[in-house]
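Student: sequence-free structure coming up:
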Ligand code: PAF
């Protein structure tokens, strides 16, 4: 496995593989890797001749500097996991390498990037589009793998890739959950043991809500009031939306695919946890 820190070397290494006609899979990450990331890497290794994993804590997608500061940085452990998973290239550049000058590009794909996370974290998806478009330009992958845990992120990246005409397949990969249902996330390591247990209620309640036969509004209210009733949890938003456009739905008949997207503050610090559930 090669660990590369600069764009020139990355391009040279990939040019050799391309010359041999090898397909390339890209798994963009911000590090602090866990089993969820490992599943994306394993899938890319299965489906491509060469797998590139980027490990880059992208500052432009953090609108809260404290959140960026707190984000775990574990490159050595990440490389060990990636080697085990069979990755070929780890691209771990510095911020200066990626942004020698501030990136002034503006991306805007409403409603996908303006609702939910887009409304709560202004500029977040612009930062995601800045880094992901750069990675697509450097790596020119045949396929790029993203976890469905960040459901809205995939919808935004699809729009960006269509808009900029990137010729690649975006491969959404299912959420990996712990035994009690909590979606795997790098942020889980920031929770205390007690908070970690409390956080499992997020999936439990959303999952329960699927079988109650309630209307969309009642389902929304059920999930929010159940979770807010648990000590240590506070729902920031729960939106039941069209699974493709992310526009709000008022009835279960409004769209062929419907998902509930949630963000919950957990614990004292507090840690912001994201999850979603498919209703149809
Ligand atoms: O999902 C993430 O970890 C990040 O948003 C991504 C796609 C790696 C871009 O920094």
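Tutor: In hand now; what should we look at? Computed from a predicted structure; not experimentally measured. Numbering: from 1, shown residues only.

Student: For whichever residue of the stretch 151-280 of the chain sits closest to the ligand, which non-adjacent residue is spatially closest?
Tutor: Nearest residue of the stretch 151-280 of the chain to the ligand: residue 153, at 5.7 Å (Cβ to the nearest ligand atom). For glycine as for every other residue, the C-beta is placed from the backbone atoms N, C-alpha and C. Setting aside the residues directly before and after it, residue 153 is nearest to residue 128 in space (Cβ to Cβ, 6 or more residues apart in numbering), at 6.1 Å.

Student: gap between that neighbour and the ligand?
Tutor: Here residue 128 is placed at a distance of 5 Å from the ligand (Cβ to the nearest ligand atom, to the nearest Å).

Student: Show the contacting residues for that residue.
Tutor: 58, 61, 153, 156-157 (Cβ atoms under 8 Å, 6 or more residues apart in numbering).

Student: now with 7 Å?
Tutor: For residue 128, the contact set (Cβ atoms under 7 Å, 6 or more residues apart in numbering) comprises 61, 153, 156.

Student: Is it in a helix, a strand, or coil?
Tutor: Look at residue 128: counting by DSSP: H, G, I helix; E, B strand; the rest coil, its state is helix.

Student: Buried by neighbour count: which residues of the helix-or-strand element of the chain with minimal mean pLDDT qualify?
Tutor: In the chain, the helix or strand scored least confidently by mean pLDDT, DSSP states H and E is helix 65-70, which has a mean of 89. Within helix 65-70, no residue is scored as buried using 16 or more other Cβ atoms under 10 Å.

Student: now the residue nearest to the spatial centre of the chain, nearest residue through space, not along the chain?
Tutor: For the chain, the residue nearest the mean C-alpha position is residue 150 (3.8 Å; Cα atoms, centre = their mean). Of all residues not flanking residue 150 in the chain, residue 274 sits nearest, at 6.7 Å (Cβ to Cβ, 6+ apart).

Student: Could you tell me how many residues sit around the one you found?
Tutor: Counted with other Cβ atoms under 10 Å, residues neighbouring residue 274 total 20.

Student: what's the helix or strand for it?
Tutor: Using DSSP states H and E, residue 274 falls within strand 271-278.

Student: elements contacting that strand?
Tutor: helix 201-209, strand 258-266 (3 or more Cβ pairs under 7 Å, 6 or more residues apart in numbering; DSSP states H and E).

Student: Give me the buried stretch members for that strand, please.
Tutor: For strand 271-278, by 16+ other Cβ under 10 Å, it's 271-277.

Student: Just send those back as TSV, with pLDDT and distance to residue 81 too.
Tutor: Output for the buried residues of strand 271-278, formatted as TSV (pLDDT from 0 to 100; distance: Cβ to Cβ, whole Å):
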residue	pLDDT	distance to residue 81
271	92	22
272	92	24
273	96	22
274	96	22
275	97	23
276	97	25
277	97	28
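
Student: How about the residues of the stretch 151-280 of the chain by the ligand?
Tutor: Contacts of the stretch 151-280 of the chain with the ligand, taken as Cβ under 6 Å from any ligand atom, map to residue 153.

Student: at 8 Å instead, please
Tutor: Contact residues, the stretch 151-280 of the chain versus the ligand (Cβ under 8 Å from any ligand atom): 153, 157, 186.

Student: Among these, name the ones in helices.
Tutor: 153, 157 (DSSP state H).

Student: got the residues of the stretch 1-150 of the chain near the ligand?
Tutor: Neighbours of the ligand within the stretch 1-150 of the chain, by Cβ under 8 Å from any ligand atom: 28-30, 54, 56-58, 61, 127-128, 131-132, 135, 146-147, 150.

Student: Adding mean pLDDT and mean neighbour count, write the helices and strands packed on strand 271-278 out as TSV.
Tutor: Listed next are the helices and strands packed on strand 271-278 as TSV, based on pLDDT from 0 to 100; neighbours: other Cβ atoms under 10 Å:
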stretch	mean pLDDT	mean neighbour count
helix 201-209	98	20
strand 258-266	97	22
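
Student: quick one: which of those is nearest residue 169?
Tutor: The closest of the helices and strands packed on strand 271-278 to residue 169 is strand 258-266. By Cβ to Cβ, the value is 21.4 Å.
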